[in-house]
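Colleague: Sharing a sequence plus its predicted fold:
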Amino acid sequence: MQARTKSALPAVLLFFLLCTFVAVPAVRAAGLFSEVLITGYGWGKPDVPATIKPLPGAESFAEDVAAVVAEWNGILRTIRGAPVLALDSGPDADITVIISPAAGEHLGFAALRSAVRNSCVLSTVTIVLYTKVLSRSYSHAGLRNIARHEFAHALGLGHSNDQGEQMFAYADEDVFFGNDDIHPSACEAKALSLIYPMKPYCVMPEKVDCF
């Protein structure tokens with residue numbers, strides 16, 4: 001996710017090992033539909049272990065990431081055939097979340113790797129969350145907002161064209177400095193329901209439209 005602030009910041013893309021999104025700002029026009037892109041990748045197993053690794057100075061944000069995992073699980077459990085995220089402190093977790101106390105050039109990113117070359121089945125995801133930008137620390141709600149966005153990528157979701165949704169590619173300062181949580185939308189849950197259970201030959205739509 002990229003910051004969208006009054007200060008000039010370099011444009012930074014969300015990087016994926018197998019695909020790169022060029023985030024283009026877009027605002028939903030009144031009366032038109034929202035759309036959420038689908039990356040074409042997902043998990044082919046029921047349980048996906050995830051580990052949280054806060055670096056020194058970022059330990060206070062670990063509980064925020066755990067809360068985000070629980071929130072996504074609440075949605076995943078409503079989708080038949082979807083995986084469940086399992087917090088695991090072991091070294092062999094499928095999703096590794098690194099929380100850095102540094103100020104990054106972006107707010108966070110997710111690096112996806114597939115199990116086999118040209119496969120849509122994920123093997124590992126590394127999520128990096130920074131806790132500062134513009135020399136200021138995120139609020140706890142702000143870190144949760146960024147974590148929700150990156151976990152959505154880890155589950156197979158791309159960006160939304162609706163600036164009111166947490167999968168919008170750009171974030172205003174209120175998103176990461178404010179005290180309001182931006183929760184996953186019904187449209188994003190619908191997108192997950194089209195990914196899972198994983199279909200043979202990686203059949204899934206490129207996006208989902210929501211009115």
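Modeller: That came through, no problem.
Colleague: Show me what the longest strand seen in the chain pairs with in its sheet, parallel or antiparallel.
Modeller: In the chain, taking DSSP state E as the definition, the longest strand is strand 122-133. Strands adjacent to strand 122-133 in the sheet, as given by DSSP bridges, are strand 95-103 (parallel), strand 108-114 (antiparallel), strand 136-137 (antiparallel).
Colleague: tell me the mean pLDDT for it?
Modeller: For strand 122-133, mean pLDDT rounds to 95.
Colleague: The spatially most central residue of the chain and residue 138: what is the separation?
Modeller: For the chain, the residue nearest the mean C-alpha position is residue 150 (2.0 Å; CA atoms, centre = their mean). Distance of residue 150 to residue 138, computed by CB to CB, to the nearest Å: 13 Å. Glycine gets a C-beta too; all of them are placed from N, C-alpha and C.
Colleague: and what of residue 118?
Modeller: On the measure of CB to CB, residue 118 and residue 138 end up 37 Å apart.
Colleague: coming back round to it: could you export the strands paired with strand 122-133 as a markdown table, including mean pLDDT, mean neighbour count and distance to residue 144?
Modeller: Shown next, in a markdown table, are the strands paired with strand 122-133 (pLDDT from 0 to 100; neighbours: other CB atoms under 10 Å; distance: least, CB to CB, whole Å):
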| stretch | mean pLDDT | mean neighbour count | distance to residue 144 |
| --- | --- | --- | --- |
| strand 95-103 | 96 | 19 | 12 |
| strand 108-114 | 95 | 21 | 11 |
| strand 136-137 | 92 | 16 | 14 |
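Colleague: Nearest to residue 175, out of these?
Modeller: strand 108-114 (11.5 Å; CB to CB).
Colleague: any idea how far that closest one is from the chain center?
Modeller: Put simply, strand 108-114 sits 9 Å off its chain's centre (CA atoms, centre = their mean, to the nearest Å).
Colleague: next one: stretch 79-92
Modeller: 15 Å.
Colleague: Go through that stretch and flag the buried ones.
Modeller: For stretch 79-92, a neighbour-count test (16 or more other CB atoms under 10 Å) marks 79, 82, 83, 85, 86, 87, 88 as buried.
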